[in-house]
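> Sequence first, then the predicted structure:
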Amino acid sequence: MTWVILTGRQNDLDQVATPHKIITNRDYLAHPALFRGQRPKVINLSNNYGYQSRGYYASLLAGSRGHKVIPTVETMIDLSERKLYEHALPELELALNKCRKDLGGTFPSKVAVFFGIGPSKVWDRFTKLLFDWFRAPALEVHIKDSAEWASIRKIGFLPLARMTDEEEASFLQCLETYTNREWRDTKGRTPARYTFATLVDPHEELPPSEISSLRYWARIAEKMGVEVEPITRKDLAKLANYDALFIRETTSISNHTYRFARRAQQEGMPVIDDPLSMIRCTNKVYLNELMTYNKVPVPPTVMIAGTSDFELAAQTLGFPLVLKIPDSSFSRGVKKCENLAELTKLATEWLEDSDLLIAQKFIPTEYDWRVGVLGGQPLFAVHYLMAKKHWQIVNHKANGKPDQGGIKTFTLKATPPHVVETAVKAASCIGDGLYGVDLKETKDGVFVIEVNDNPNLDHGWEDSGEKDELWVRLTQWFLERLERPGR
C-alpha cells in the first residue's frame, strides 16, 4: 500500500518524520503521471484548503487520478462556513457532552483532533464521530462551555504551520496509527416514504426544467405510485420528510443546492444531483484530467497556472483558442481569445480569482451534441444549435438577456453510435446519476467538451425523441434505489 503526503511547502514536514512519500501540492498538480499504475492513498496537508487554492485542486485532481484522498473537496467545502456544517452540530454536541464526566466536569476552550483521535481516550466517543462526519487529518474544535452544556463554536482545519511542537508530535503519532489501519466510508441513513421532492426556483431565468415540464413528469410519476412535490430553498429543514430529491435549479457548490444535495445524501435519500457529481462536473480542470486519464477524447488542452503558461498555450493550441474559468455554467466564464494580447489580458484578470484556468483548442461547429445519460445508459440525444451570429449555444449579451440557439431532436436509435458510446463513457467517469454530455462531432472524430451534472430536461424538447419513456426511466431510477434489498 502506498501512502502519499502532500504539503504546502517543502519544509512543512521533515522527510524523516514519516516513512511515507512527502511531496508538495505544487509538484503533485504539475505531474499528473506521478504514481501512474498505482492506487495511492493521499493525505493532503496543505496549509490552505480554500476554494480553488492549490490545496483544493490537489484533492480535486486526486479523484481524477484514481487516488483516495483526505480531506476530500466535499469536506473542505463543508467546513468552509458554519452554515454548511451546522446540521452536524446537534449530534456532535450530544457526543461531546457525554464526555463531560470523564473529563472532570469541564472542557477546554479548544481541542485538536488528529485522524479522529483526541488528546486522550475519554474523548473517543466525540472524536470518532467528528471523523465520521468530517474526514480530515487535523481539525480544531472551539468549545463554549457552561455549567450544564458545552456547545461547539467552530470546527476548522488545523494546518501544520499553526501546530505547536507538542501538537505536531501528537499529530505524527496519530498519522502512524492511521496509516496502519484500513480506509472505511461513512454510512447513510434510511428514509421511509415514496414522495419525491423537486427543488425549484420559480424566478430562475434559465432553469434546467420549466415548471410546466415538472408538472408533466408529476403526472407520469403518479401513475407509478410516486408523488412529486416542489420545494424551494426555504425547505431544507423538512427535506427528511421526503424519500428522494431531484434538484431542478442550476447547481453550484457555493450555494444552497449543494447543501440540499449533502443533506439528502446524509439522510440516505437517492438524489440527483449528488454532491460528488456536482463537485466533479462543476470544475473544468477536474473534468479535463478525468477524461484524459480515462482516454475519453477531449480537445487539445493546456492548463494555465501563471503567466509563464500563456506562451505555451499559444504555441500548443494556436489562435483562436477558448479560455475557461474552471467553475462556470451556461457558457459564462468561457471566452474566445483571438491573439496573445487578448489571452494575456483575460487570463491575468481571471487568475486573480482562480489559481488555475483551462485553455482549449477552438473547434467551430454549427451545433453541439447533447446526450443525456442516466444510470450509465443513454437517455436522450439532441443538437443544441449555436446562438445567432455567435460561437456558443448561449450568448450572454451586454444587456443581461441570454440569447439561446435552437434545438434539433433525435431518437437514440437515429443518433450515431460512436457519439452515444463516447457520451456514456464520459458520464461513467463521473458517477451513476443524470448527466448531459456535450460533444463536438468533426472530421477528426468526436470530442467531449463538457459533462453537466444538471442537464436540461423539458417536455417537448429533450423528451421529443424518446417521449414519455424518458420520464418513466427517470422515475424508475429513484425507485430502484429506494427498493434495493438491505435499505
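Cool, the structure landed.

> Show the residue spans covered by the strands in the stretch 51-200 of the chain.
68-70, 110-114, 138-145, 150-157, 195-199 (DSSP state E, counting those that start in this stretch).

> and Phe310, what does it touch?
Going by CB atoms under 8 Å, 6 or more residues apart in numbering, Phe310 touches 304, 340, 343-344, 347. Heads up, the C-betas are built off the backbone N, CA and C, glycines and all.

> ranking those residues by neighbours, who comes first?
Within the contacts of Phe310, most neighbours by other CB atoms under 10 Å means Leu343, with 25 neighbours.

> ok, now which ones touch that residue?
310, 313-314, 319, 321, 323, 337, 359.

> and if you look at Leu412?
Counting by CB under 8 Å, 6+ apart, Leu412 touches 378, 380-381, 420, 465-466.

> quick one: secondary structure of it?
Classification of Leu412 using DSSP: H, G, I helix; E, B strand; the rest coil returns coil.

> partner residues bridging Pro230?
Thr198 (DSSP bridges).

> Farthest from the middle of the chain: give me that residue.
Distance to the chain centre peaks in the chain at Gly104, reaching 42.4 Å (criterion: CA atoms, centre = their mean).

> Can you read off the pLDDT for that one?
Gly104 carries a pLDDT value of 79.

> any idea how far it is from Ile143?
For Gly104, the distance to Ile143 equals 14 Å [CB to CB, to the nearest Å].

> Same check on Thr282?
34 Å.

> Looking at the two, which is more packed in?
Comparing Thr282 with Ile143 by other CB under 10 Å, the one with more neighbours is Thr282, at 24 against 17.

> about what we covered before: can you name the two of the contacts of Phe310 that sit furthest apart?
Ile304 and Leu340 (12.7 Å; CB to CB).

> In three-state terms, how would the residue nearest the centre of the chain be classified?
The chain has Ile279 as the residue nearest its centroid, 0.9 Å off, counting by CA atoms, centre = their mean. Using three-state DSSP, the structure places Ile279 in helix.

> try Ile43
Ile43 is classified as strand under three-state DSSP.

> ok, so what distance separates it from Lys68?
Ile43 is 10 Å from Lys68, by CB to CB.

> And Phe126, by the same measure?
25 Å.

> what about the two, which has more around it?
When neighbours are counted by other CB under 10 Å, Phe126 and Lys68 differ, and Phe126 comes out ahead with 24 against 15.

> For the protein, which element, helix or strand, carries the lowest mean pLDDT?
strand 394-396 (a mean of 52; mean pLDDT, DSSP states H and E).

> got a list of what the residue nearest to Tyr258 when sequence neighbours are not counted touches?
Among residues not flanking Tyr258 along the chain, Met278 sits closest, at 5.9 Å (CB to CB, 6 or more residues apart in numbering). The neighbours of Met278, taking CB under 8 Å, 6+ apart as the test, are 251-253, 257-258, 261, 453-454.

> quick one: pLDDT of the residue nearest to the centre of the chain?
91.

> these two touch, right, it and Ser252?
No. Ile279 is not in contact with Ser252 according to CB atoms under 8 Å; the separation is 10.7 Å.

> For the host helix or strand of Ile449, which strands pair with it and how are they oriented?
In the assignment (DSSP states H and E), Ile449 maps to strand 445-452. When pairing is defined by DSSP bridges, strand 445-452 lines up against strand 434-442 (antiparallel).

> Mind listing what's buried along the strand it pairs with?
434-441 (16 or more other CB atoms under 10 Å).

> repeat for stretch 407-416
Neighbour-count burial for stretch 407-416 [16+ other CB under 10 Å]: 407, 409-410, 412, 415.

> same thing with stretch 300-315?
Per 16+ other CB under 10 Å, stretch 300-315 contains these buried residues: 301-305, 309-310, 313-314.

> my read is Gly465 is in a helix, agree?
No. The assignment for Gly465 by three-state DSSP gives coil, which leaves it out of any helix.

> how many other residues sit next to it?
So Gly465, with other CB under 10 Å, has 20 neighbours.

> That one touches Val382, doesn't it?
Yes. Gly465 is within contact range of Val382, at 7.3 Å (criterion: CB under 8 Å).

> Need the overlap of contacts for these two.
409-410.

> And the strands in the stretch 301-450 of the chain?
Along the stretch 301-450 of the chain, counting by DSSP E, counting those that start in this stretch, strands occupy 301-304, 321-324, 334-337, 357-361, 367-374, 377-385, 394-396, 402-404, 407-410, 434-442, 445-452.

> could those go into JSON lines alongside distance to Gln52?
Listed next are these as JSON lines, based on distance: least, CB to CB, whole Å:
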{"stretch": "strand 301-304", "distance to Gln52": "13"}
{"stretch": "strand 321-324", "distance to Gln52": "13"}
{"stretch": "strand 334-337", "distance to Gln52": "16"}
{"stretch": "strand 357-361", "distance to Gln52": "10"}
{"stretch": "strand 367-374", "distance to Gln52": "26"}
{"stretch": "strand 377-385", "distance to Gln52": "28"}
{"stretch": "strand 394-396", "distance to Gln52": "22"}
{"stretch": "strand 402-404", "distance to Gln52": "25"}
{"stretch": "strand 407-410", "distance to Gln52": "33"}
{"stretch": "strand 434-442", "distance to Gln52": "23"}
{"stretch": "strand 445-452", "distance to Gln52": "18"}
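
> Confidence-wise, which of those strands is weakest overall?
strand 394-396 (a mean of 52).

> Quick check: can you list the domain ranges of the chain?
Here the domain parsing of the chain from the TED database is 1-76, 84-166, 183-272+467-486, 299-359, 364-466.

> Now do the fourth one: distance to the chain's middle.
Centroid separation for domain 299-359 versus its chain: 22 Å, with CA atoms, centre = their mean, to the nearest Å.

> ok, now stretch 39-59?
Chain-centre distance of stretch 39-59: 14 Å, with CA atoms, centre = their mean.

> swap in stretch 61-68?
13 Å.

> hey, C-alpha coordinates of that stretch in PDB?
What follows is stretch 61-68, C-alpha atoms only, in PDB (Å, rounded to 0.1, in the frame of the first residue of the first chain):
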ATOM      1  CA  LEU A  61      -7.500  16.100  -9.000                       C
ATOM      2  CA  ALA A  62      -6.600  13.200  -6.800                       C
ATOM      3  CA  GLY A  63     -10.000  11.900  -7.600                       C
ATOM      4  CA  SER A  64      -9.500  12.200 -11.300                       C
ATOM      5  CA  ARG A  65      -6.200  10.200 -11.000                       C
ATOM      6  CA  GLY A  66      -7.900   7.400  -9.100                       C
ATOM      7  CA  HIS A  67      -6.200   8.300  -5.800                       C
ATOM      8  CA  LYS A  68      -8.000   8.100  -2.400                       C
END
